[in-house]
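Mind looking at a prediction? Sequence and model below.
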Amino acid sequence: MEISIREGNLNDYKEVNELNCQIQDIHVQDRPDIYKKTEIPLDKDYYSCLLKDENARVILAIEGGHTVGYSIFQIKVTPNRSNLVYRKIIYIDDICIDENYRGKGIGEKLFKFIAEYGKSVGAHSLELSVWEFNKGAIDFYNKMGMSTKNRRMEVKL
């Protein structure tokens, strides 16, 4: 399997949204109190804005002319506050691999691409949020060398 990585464009929206539907379904199943079923979880206007944002990137994993994975990530800088050390961060919003292609190294290829991009722009770290129920994603991120930095907690009322 020959996988190439390239930047996304507006013509890729339909395939990226279809992949995003797979992730949305996982979230709806485990957190129906937060997520709801929709056929358009990735709004086209939002996607278009990402493509125009100089601090955001959409990258695609392509196999045989077909999008089999994507990632959306952003360059973020810590707020200018006296109690914080300046840090440039690559924040990964999404990494999604088509369910038919998981376990074939595509996620690793995307992750490594993002890490190299981060190094090239002088970022200090890669960061992301992941739901506790998403054990597969947590295992993947641990495998890629990530560790838990903080925890966001809730109590339902």
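Received, thanks.

could you point out the longest strand in the protein?
Looking across the chain with DSSP state E, the single longest strand is strand 66-77.

okay but Lys149 is in contact with Glu127, surely?
Yes. The criterion here is CB atoms under 8 Å, and Lys149 meets it with Glu127 at 7.0 Å. Every C-beta, even on glycine, is put in place using the N, C-alpha and C of the backbone.

how far is the following helix or strand past the longest strand of the chain from where the chain is centred?
Using DSSP states H and E, the helix or strand that follows strand 66-77 in sequence is strand 88-97. Strand 88-97 sits 4 Å away from the centroid of its parent chain (CA atoms, centre = their mean, to the nearest Å).

Quick check: mean pLDDT of strand 88-97?
Strand 88-97 shows a mean pLDDT of 97.

and it, what other elements does it pack with?
helix 13-30, strand 66-77, helix 106-120, strand 125-128 (3 or more CB pairs under 8 Å, 6 or more residues apart in numbering; DSSP states H and E).

How about residues contacting that strand?
With CB atoms under 8 Å, 6 or more residues apart in numbering as the contact definition, strand 88-97 has outside contacts at 19-20, 22-23, 61, 68-78, 106-107, 110-111, 114-115, 117-118, 121-128, 137.

what angle separates it from helix 13-30?
Here strand 88-97 runs at an angle of 90 degrees relative to helix 13-30 (axes from the mean of the first three to the mean of the last three CA atoms, to 10 degrees).

picking up where we left off before, now the helices and strands packed on strand 88-97 as CSV including mean pLDDT, distance to Ile90 and mean neighbour count?
Shown next, in CSV, are the helices and strands packed on strand 88-97 (pLDDT from 0 to 100; distance: least, CB to CB, whole Å; neighbours: other CB atoms under 10 Å):
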stretch, mean pLDDT, distance to Ile90, mean neighbour count
helix 13-30, 96, 19, 17
strand 66-77, 97, 6, 19
helix 106-120, 98, 4, 17
strand 125-128, 97, 5, 16
